[in-house]
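Novice: Structure for this input, please:
(one chain, ligands or ions: 2)
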Amino acid sequence: MRIQRQKVKLSYINMAPPTPKGDEFMLDVATARARILENLPPCGQETVALSAACGRILAQDVHARRANPPVNVSAMDGYAVRAADAPQGAVLRIIDEAPAGRPSARTVAEGECIRLFTGSQVPTGADTVVIQENTQLAGQQVTLTRAATKGQNIRTQGQDFAQGAVLLRAGTRLGPRDIGLAAAGGLVWLPVFRRPRLGILATGDEILLPGDTAPPDGIFNSASFMLAALLGQEGADAIVLPVARDNATSLSNAFANTHDLDMLVTIGGASVGTYDLVRPTLEKAGLVQNFWKIAMRPGKPLMFGTLNGMPVLGLPGNPVAALVCSMVFVLPALHKLMGRAVADALDTQPALLGADVGDNDQRQDFLRATLHTAPDGQLVATPFGQQGSAQLNILAQSQALIIRPPHANAQKAGTPCLIMRLP
Ligand SMILES: Nc1nc2c(c(=O)[nH]1)N[C@H]1C(S)=C(S)[C@@H](COP(=O)(O)OP(=O)(O)OC[C@H]3O[C@@H](n4cnc5c(N)ncnc54)[C@H](O)[C@@H]3O)O[C@H]1N2
Ligand code: MOO
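Specialist: Numbers count the residues shown, from 1 in each chain. Ligands and ions are numbered 1, 2, ... in the order given. Next up is the predicted model:
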């Protein structure tokens, strides 16, 4: 295997330095994910019209209201005949014409045929359709230039599916082909899970709306819009809430306005600074905390709990950390709320390291990386040298996250690794 060898020195700009083993309790990523996912019930159901159902998750099995095709129909333009009297050279009398949607009331008897078109119902008496290219027409008679084979060019009733057949199973994420199948089965409305309403609450005195008049230290709110785009494209009703300020009054007010959400996702104010007030203010509002702080980089100060029964995920403010935590925790939580099946483990795939990496500490690392295919067909993931959790430019250029287990030893380029693709 040929692989570009490149020594990358990873620099964790704006991030907590690696901590020595065991100096601070942090929950491992898999346990944190499992604790979020357990007991997240799917949202309620609703009925949507076929034309609004794409991307939604089916809440119940749906059955065909009628067979497809509903009757025997012709698959070609030609003539309905009786195979028994259709050898090569047979001359048949045309007794009727039956376009699609206008079936003939006549029965095909010996020596007779009925003119049909693609989609026409096959008339009684006939068991075969001869395509018109195999005939010669003269007035009200056709001569068969080839012998017919019994049953040919007929789509038999129920060939595609029978009446009452299960067309789609509960839990299916409806795509265009599923919509087509349901339509063919005569369904007009589909039972689906409600789109989960996810509130995205950015916090911080320095956070501005993109385009706002910026004081010199103002930071545009990138995280809310990035998460709304990510969750929206996965099927959430993602609501960007007004930014809460770094004080208890502003935060309490924001939390008081979340009662109709299926899940609240906060951004920032999750760490240990004097103005990191999200968790204490949520606690005053009645938060039952499940965990805080996980062994993950980026994403250490992640918090999870419930506020009056509503799941609350507190993400770190660094926008790259917010996005990576959303991939690992918020998306599966959204899928669970949507009624989708969620795997126990992260959706990873194997690749080879495209650069050397150093020893890892106790935090599971999610390195931003590019992907390419080596000449031998192997997928190669090359981490960026800079892994700062505020570096959105590098995040945007990345195609995958290389996942490095806690305490992994230094590894050389070419070593197998696991990656998660970025959307
Ligand atoms: N003494 C310690 N300091 C920090 C630790 C620690 O363990 N001890 N952890 C670091 C880690 S890791 C992270 S991650 C951050 C998380 O901090 P917060 O969740 O409290 O986030 P903030 O302080 O509010 O913001 C961090 C950073 O991100 C910017 N930010 C915030 N919100 C947004 C947004 N919506 N869009 C764009 N950028 C945003 C904010 O301006 C800050 O620069 O804490 C470390 N510190
Ligand atoms: O380093 Mo923090 O973990 O940016 O998320």
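Novice: for the residue lying closest to Ala341 once chain neighbours are set aside, what are its contacts?
Specialist: In space, and not counting its chain neighbours, Ala341 is closest to Gly171: 5.8 Å by CB to CB, 6 or more residues apart in numbering. Backbone N, C-alpha and C define where each C-beta goes, glycine included. Residues in contact with Gly171, defined by CB atoms under 8 Å, 6 or more residues apart in numbering, are Ile57, Leu58, Gly339, Arg340, Ala341.
Novice: Run a quick neighbour tally on the last one.
Specialist: Burial of Ala341 is recorded as 10 neighbouring residues (other CB atoms under 10 Å).
Novice: quick one: Leu287 from ligand 1, how far?
Specialist: Distance, Leu287 to ligand 1, by CB to the nearest ligand atom, to the nearest Å: 16 Å.
Novice: so what's that residue bridging to?
Specialist: Leu307 (DSSP bridges).
Novice: What of Ile402?
Specialist: On the basis of DSSP bridges, Ile402 is bridged to Leu367, Ile419.
Novice: Can you give me the neighbour number for it?
Specialist: Ile402: 24 neighbours (other CB under 10 Å).
Novice: quick one: contacts for it?
Specialist: Ala351, Leu353, Val357, Asp365, Phe366, Leu367, Ala369, Ala381, Pro383, Cys417, Leu418, Ile419.
Novice: The same query, at a cut-off of 7 Å, please.
Specialist: Taking CB atoms under 7 Å, 6 or more residues apart in numbering, we find Ile402 in contact with Leu367, Ala369, Ala381, Pro383, Cys417, Ile419.
Novice: pLDDT at it, what is it?
Specialist: As predicted, Ile402 sits at a pLDDT of 98.
Novice: so Pro405 sits right up against Gln362, yeah?
Specialist: No: applying CB atoms under 7 Å as the test, Pro405 and Gln362 come out as separate, 10.2 Å apart.
Novice: okay, these two: which has more neighbours?
Specialist: Gln362 (18 against 12).
Novice: Report the secondary structure state of that one.
Specialist: For Gln362, the assignment made with DSSP: H, G, I helix; E, B strand; the rest coil gives coil.
Novice: Tell me if I'm right that it and Pro406 touch.
Specialist: Yes: contact criterion CB under 7 Å: Gln362 and Pro406 qualify, at 4.9 Å.
Novice: re earlier: show me which of the contacts of Ile402 is closest to Gly125.
Specialist: Set against Gly125, the nearest of the contacts of Ile402 by CB to CB is Ile419 (63.9 Å).
Novice: how many neighbours does that closest one have?
Specialist: Using other CB under 10 Å, Ile419 is surrounded by 23 other residues.
Novice: was I right about it contacting Gly354?
Specialist: No: at 10.7 Å, Ile419 and Gly354 do not qualify as touching, with contact defined as CB under 7 Å.
Novice: between the two, what contacts are shared?
Specialist: Residues touching both Ile419 and Gly354 (CB under 7 Å, 6+ apart): Ala381.
Novice: rewinding a little: quick check: neighbours shared by Gln362 and Pro406?
Specialist: Ala295.
Novice: What is the helix or strand where Leu331 lies packed up against?
Specialist: For Leu331, the element it lies in under DSSP states H and E is helix 331-338. When contacts are defined as 3 or more CB pairs under 7 Å, 6 or more residues apart in numbering; DSSP states H and E, helix 331-338 sits against helix 29-37.
Novice: The helix it packs on and ligand 2 in contact?
Specialist: No: against ligand 2, helix 29-37 shows no contacts by CB under 6 Å from any ligand atom, the least distance being 11.9 Å.
Novice: what bridges to Thr47?
Specialist: With DSSP bridges as the rule, Thr47 is bridged to Pro191.
Novice: quick one: it from ligand 1, how far?
Specialist: The value you get for Thr47 to ligand 1, if CB to the nearest ligand atom is used, is 36 Å.
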